[in-house]
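> Any chance you can model this:
(one chain, ligands or ions: 1)
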Amino acid sequence: MNKSKFFILIIILIHTSELMSQKIDLDILQGKTTRHLIGDTVLLEKETFKAFEKMRNAAMNDGIKIKIISGHRDFERQTLIWNSKFIKFTKEFKLTPDEAINEIIRFSTIPGTSRHHWGTEIDIIDEDFKNEKNPLISEKYESGGVYNKLKKWMDLNSEKFGFYLTYTNDEQRNGFEYEPWHYSYKPISKNLLEEFKKNNISKLISDLEIMGKEYLTKEFIKKYINENILGVNKELEL
Ligand SMILES: [Zn+2]
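So this is what the prediction gives:
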């Protein structure tokens, strides 16, 4: 091999290893790129997608049809959710801006801080009951609820496939309320959380152009980071 061919080979090798290492940057963490995702209607991070397929097939063999109703959600979509809830709670329900924000963060995140941005999170239902009007209500996953069969299967099996409940009903946990429908693919999401924590999250939040931004005080943001961002199932941090 002559010298120039050798250098071309080196360049190709460097380029390939860069693609393979899939650098975790802020765009991935904040839902501003889809380059690490695959899927058609529901987009998921590549490894999460493969693991989910395995889990879905195993559940299918046991007669349970797992359906994802929310996977990756981008920054823009989260901003739309935030703003429309802010308008609804202040205009329709006549809440003060502070009350509206506290109501939003019972279940929804500040744009740029959603784990759904990462592509490692899934909200699931049982496909046999896909036409439920408001599917994401915790009672529906408990005993007597339409999604209880699914929940029981997940309790027994999901962790074998790497999927853990993110917002558990553990009383010691602060932040978002119990979400029996929301699972995280731990092998990837634990690294993403570590990476996210390395950023100045307070600044990311205070720089946002969202409705009610003037009410996001330093104290509020500090509490939100400690309770909502870090208040996840302890198993996801191990
Ligand atoms: Zn979710």
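
> Can you tell me the closest non-neighbouring residue to residue 129?
residue 146 (4.3 Å; C-beta to C-beta, 6 or more residues apart in numbering). C-beta coordinates here come from the backbone N, C-alpha and C atoms, glycine included.

> Burial check on that neighbour, number of neighbours?
Counted by other C-beta atoms under 10 Å, the residues lying close to residue 146 total 16.

> Can you pull up the residues of the protein that come close to the ion?
Where the chain comes near the ion, counting by C-beta under 5 Å from the ion, the residues are 123, 182.

> make it 8 Å
70, 115-116, 121-123, 166, 179, 181-182 (C-beta under 8 Å from the ion).

> Tabulate these (CSV), appending neighbour count.
CSV is the format used below for the residues of the chain next to the ion (neighbours: other C-beta atoms under 10 Å):
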residue, neighbour count
70, 16
115, 24
116, 21
121, 25
122, 25
123, 19
166, 24
179, 17
181, 25
182, 23
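
> and the two most separated of the residues you listed?
Using C-beta to C-beta, the two most remote members of those are 115 and 181, lying 13.4 Å apart.

> what's the helix or strand for the spatially closest residue to residue 30 that is not a sequence neighbour?
Computed as C-beta to C-beta, 6+ apart, the closest residue to residue 30 that is not its neighbour in sequence is residue 112, at 4.3 Å. Using DSSP states H and E, residue 112 maps to neither a helix nor a strand.

> Could I get the contacting residues of residue 112?
Applying C-beta atoms under 8 Å, 6 or more residues apart in numbering to residue 112 gives the contacts 30-31, 75, 78, 204-205, 208.

> Please report the distance of the residue nearest to residue 129 from residue 60.
Counting by C-beta to C-beta, to the nearest Å, the gap from residue 146 to residue 60 is 18 Å.

> next SSE after the helix-or-strand element of the chain with minimal mean pLDDT?
Within the chain, confidence by mean pLDDT, DSSP states H and E is lowest for helix 3-21 among all helices and strands, at a mean of 57. Reading on from helix 3-21 to the C-terminus, the next helix or strand found by DSSP H and E is helix 26-29.
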